[in-house]
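> Have a look; sequence and predicted model below, questions after that.
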Amino acid sequence: MLATSLLACRSATSSGPSADRAVEEELILAQVFRYELRQFVEAPDHAVINPVCVAIISQGQLIDPAETLLRRVNAGVVKNSACPPATPVRLVAGPVEWIKTDDVRVKGSYQDRTTSTALEYRVAWESGAWACLGPIIGYDPL
């Protein structure tokens, strides 16, 4: 019985993402925030400037991420509504656009006191987990 349940668990996780998109979207957004932290916020020694405020865009509204998502990202991130007015850094992600069951696009942005950058990221299911592959670079030949 135990071997059967272990096998069922193993095959469910190795075959692809779950059908529950709400659960998957939290994992996807966590990957985008981690990527943005590495891309924009981490110092050369991998220390993170604190506080880093994070928010999600859902149905056109800026909302706080769930506590479970905050824990998945990094101990130094704070939900947007708890940030002081002079927040040094704000990361925003969302919404998730499903291209296929194992491939999504997510808009993201970085804002500090002097700059703002908006990008779109590709996140794919690879080796049994979601991985942010980086920003999508478009080419416009005029």
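Yes, it's here.

> C-alpha only now, for contacts and for neighbours.
Will do.

> Roughly how far does residue 119 sit from residue 87?
21 Å (C-alpha to C-alpha, to the nearest Å).

> Check residue 129 too.
For residue 129, the distance to residue 87 - C-alpha to C-alpha - is 32 Å.

> Tell me which residues of stretch 106-116 come out buried.
Residues of stretch 106-116 classed as buried: 106-112 (neighbour count, 16 or more other C-alpha atoms under 10 Å).

> Now do that stretch, average pLDDT.
Averaged over stretch 106-116, pLDDT sits at 91.

> Figure out the helix or strand that residue 98 lives in.
According to DSSP states H and E, residue 98 maps onto strand 89-100.

> partner strands of whatever helix or strand comes next after that strand, parallel or antiparallel?
Per DSSP H and E, the first helix or strand lying C-terminal to strand 89-100 is strand 103-112. Strands that pair with strand 103-112, judged by DSSP bridges, come out as strand 89-100 (antiparallel), strand 116-126 (antiparallel).
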